[in-house]
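Student: structural data only, the sequence is not supplied:
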């Protein structure tokens with residue numbers, strides 16, 4: 001797993017590419033600078049912790065996979081907590097993507113090893129899990145699937161859908177991500 005110094009380097013590299021997001025990254029920078037080792041990822045650290053997500057696009061790069069999150073009751077990308085067995089943040093994101101979609105590593109390919117997106121957001125209290133409200137500092141990576149057939153994890157999600165990027169551009173929660181995918185697709189072609 002990346003060290004605190006390595007995570008800060010990854011975040012600096014991210015902000016070099018997306019300088020317009022510098023203000024949004026203040027919260028995660030502060031969190032990483034003030035926590036160490038296991039504290040960075042411990043789901044029982046209610047000051048917050050780092051999580052990872054996998055944005056998964058189809059082969060044509062015109063659709064994004066979203067899952068209906070069981071607890072939050074919202075359409076989101078696959079993602080979750082970093083496990084002690086994860087070797088890196090991107091490995092954690094890929095594991096979450098594979099677990100929540102049934103896509104194996106053969107069908108789920110990394111588009112870039114760089115951080116694709118970062119978002120710090122509040123997670124409400126979950127009494128069933130005995131978890132207080134806390135912040136997820138979500139570090140996100142971009143993957144591409146060679147198939148549109150998925151098998152969601154019933155304990156995590158209640159549904160799935162491939163959404164056109166053109167539809168996501170008008171969605172406040174995903175417009176930034178859709179624009180980044182557009183830019184990436186344009187740069188590759």
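Tutor: Alright, I've got the coordinates. Everything numeric here is computed off the predicted structure, so don't read it as measured data. Numbers count the residues shown, from 1 in each chain.

Student: backbone dihedrals for residue 119, please?
Tutor: Phi and psi for residue 119, reported as degrees, to the nearest 10, are phi -150, psi 130.

Student: name the nearest residue to it, ignoring sequence neighbours.
Tutor: Among residues not flanking residue 119 along the chain, residue 138 sits closest, at 4.9 Å (Cβ to Cβ, 6 or more residues apart in numbering). Every C-beta, even on glycine, is put in place using the N, C-alpha and C of the backbone.

Student: what helix or strand does that neighbour sit in?
Tutor: For residue 138, the enclosing helix or strand under DSSP states H and E is strand 134-145.

Student: just name the shakiest helix or strand of this structure by mean pLDDT.
Tutor: In the chain, no helix or strand scores lower on mean pLDDT, DSSP states H and E than helix 175-188, which sits at a mean of 83.

Student: mind listing what's buried along that one?
Tutor: Residues 176-178, 180-181, 184 are the ones in helix 175-188 that count as buried (16 or more other Cβ atoms under 10 Å).

Student: swap in stretch 132-152?
Tutor: Buried residues in stretch 132-152 (16+ other Cβ under 10 Å): 134-145, 150, 152.

Student: quick one: end-to-end length of that stretch, please.
Tutor: 27 Å (Cα to Cα, to the nearest Å).

Student: avg pLDDT for that stretch?
Tutor: For stretch 132-152, the mean pLDDT works out to 97.

Student: all strands for the chain, in order.
Tutor: Taking DSSP state E as the criterion, the chain contains strands spanning 49-57, 63-69, 75-76, 79-81, 108-110, 117-123, 134-145, 157-164.

Student: neighbouring contacts of the shortest one?
Tutor: Read that as strand 75-76. 53, 66-69, 161, 163 (Cβ atoms under 8 Å, 6 or more residues apart in numbering).

Student: residues contacting the nearest residue to residue 93 once chain neighbours are set aside?
Tutor: Spatially, and ignoring its direct neighbours in sequence, residue 93 is nearest to residue 52 (4.0 Å; Cβ to Cβ, 6+ apart). Applying Cβ under 8 Å, 6+ apart to residue 52 gives the contacts 79-80, 82, 89-90, 92-93, 96, 138-141.

Student: what about residue 159, how many residues close to it?
Tutor: Other residues lying near residue 159 total 11 when counted by other Cβ atoms under 10 Å.

Student: which stretches of this structure have low pLDDT?
Tutor: Within the chain, the segments meeting pLDDT under 70 span 185-189.

Student: residue contacts, the most centrally placed residue in it?
Tutor: Taking Cα atoms, centre = their mean, the centroid of the chain lies closest to residue 53, which sits 2.0 Å from it. For residue 53, the contacting residues are 76-80, 93, 96, 117, 138-141, by Cβ under 8 Å, 6+ apart.

Student: please repeat the previous calculation with a cut-off of 6 Å.
Tutor: Applying Cβ atoms under 6 Å, 6 or more residues apart in numbering to residue 53 gives the contacts 77, 79, 138, 140.
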